[in-house]
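In: sequence first, then the predicted structure, then my questions.
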Amino acid sequence: MWHEAGKDEAEGWGYMLADVVRQVSQGLAEQYGWESKETIRLVMESLLKYSQDERDPARGRFVDS
């Protein structure tokens with residue numbers, strides 16, 4: 001997606017995932033009063049933990065449209 005626009009794919013996906021984490025953090029802060037920076041830290045810990053877990057590999061594949 002970003003490659004065709006002359007951008008680095010990994011950087012683009014990182015930017016998108018960071019935006020998702022910020023949005024989740026903001027939503028949890030609004031709904032439950034959780035501290036946003038701490039929530040981001042906890043979500044990032046979980047993301048790293050599960051992204052390195054090889055017991056449940058990704059089942060999907062990229063489709064060239």
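Out: Great, that's in hand.
In: okay, the spatially most central residue of the chain and L42: tell me how far apart.
Out: In the chain, the C-alpha nearest the mean C-alpha coordinate belongs to L17, at 3.0 Å (C-alpha atoms, centre = their mean). Noted for L17: a distance of 15 Å to L42, by C-beta to C-beta, to the nearest Å. C-beta: built from backbone N, CA, C; applies to glycine.
In: tell me where the model's unsure across this structure.
Out: Within the chain, the segments meeting pLDDT under 70 span 56-65.
In: tell me where it has helices.
Out: 9-32, 36-51 (DSSP state H).
In: of the ones you listed, which approaches M1 most closely?
Out: helix 9-32 (6.9 Å; C-beta to C-beta).
In: against H3, how distant is the residue nearest to S25 when sequence neighbours are not counted?
Out: In space, and not counting its chain neighbours, S25 is closest to T39: 4.3 Å by C-beta to C-beta, 6 or more residues apart in numbering. Separation of T39 from H3 (C-beta to C-beta): 32 Å.
In: more neighbours, those two?
Out: Ranked by neighbour count (other C-beta atoms under 10 Å), T39 and H3 place T39 first, with 19 against 9.
In: contacts only, for the more buried one.
Out: Each residue near T39 by C-beta atoms under 8 Å, 6 or more residues apart in numbering is listed here: V24, S25, L28, A29.
In: go ahead and confirm the last one touches E38.
Out: No. Between A29 and E38 there is no contact under C-beta atoms under 8 Å: 9.7 Å.
In: more crowded one of those two?
Out: Set A29 next to E38 and count neighbours by other C-beta under 10 Å: A29 wins out with 15 against 11.
In: what about the closest residue to the more buried one other than its chain neighbours, neighbour count?
Out: In space, and not counting its chain neighbours, A29 is closest to S36: 4.7 Å by C-beta to C-beta, 6+ apart. Look at S36: counted by other C-beta under 10 Å, it has 15 neighbours.
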